[in-house]
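**Student:** make a model of this:
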Amino acid sequence: MFRLIRTLLLLGAGAIAGVAGSAAVLRGWISSRGDASSDELEVVAIFDGVEFASRSTAFRGGRVLAWFGGISLDLSGVTLAPGAELDVRSLFGGISITVPAGCRVESHARAVVGGVSASVPDPDDPGAPVLVVRALSVIGGIAVER
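**Tutor:** Numbers count the residues shown, from 1 in each chain. Predicted structure coming up:
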């Protein structure tokens, strides 16, 4: 019985060390890029939490990744450029995105043992700018709201 418990503890410790080691390597390879005025951005949270607010005057989009972390992305102050697209991935984490007033959100979302909520009401203006959100959530959550 002792051998079984010891083996399970060693396997669990190895799995935790492997995930933590992978996170350290990924942090070196993948990092956030852009600032509040950037037209394109990359926001990454790996075993971390990130709050980011953009004030871009011609926002084209970017990528957002939360892996065992959380991201709060505020786009309420941006002006969307034509063809703006945001690629959003959540793996064991959560992402909250606030979109600008007066824009239409086109959502292409999938969830695997997680959830994605991107039901933002369309504005009355048929010529309103469009933000395309491509989202994948794996054992996590993504919320797109106004």
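**Student:** quick check: buried residues in the lengthiest strand in the chain?
**Tutor:** Counting by DSSP state E, the longest strand found in the chain is strand 80-91. Within strand 80-91, the residues scored as buried using 16 or more other C-beta atoms under 10 Å are 80-81, 84-91. For glycine as for every other residue, the C-beta is placed from the backbone atoms N, C-alpha and C.
**Student:** need the max-distance pair from those.
**Tutor:** Across the buried residues of strand 80-91, no pair lies farther apart than 81 and 91, at 28.3 Å, counting by C-beta to C-beta.
**Student:** secondary structure element for residue 7?
**Tutor:** helix 2-29 (DSSP states H and E).
**Student:** show the subsequent helix or strand relative to that helix.
**Tutor:** Immediately after helix 2-29, counting by DSSP H and E, sits strand 40-46.
**Student:** how far does stretch 88-105 sit from its chain's centre?
**Tutor:** The chain centre lies 7 Å from the centre of stretch 88-105; the measure is C-alpha atoms, centre = their mean, to the nearest Å.
**Student:** please renumber so the chain begins at 58
**Tutor:** Done: numbering now begins at 58, and the last item shifts to stretch 145-162.
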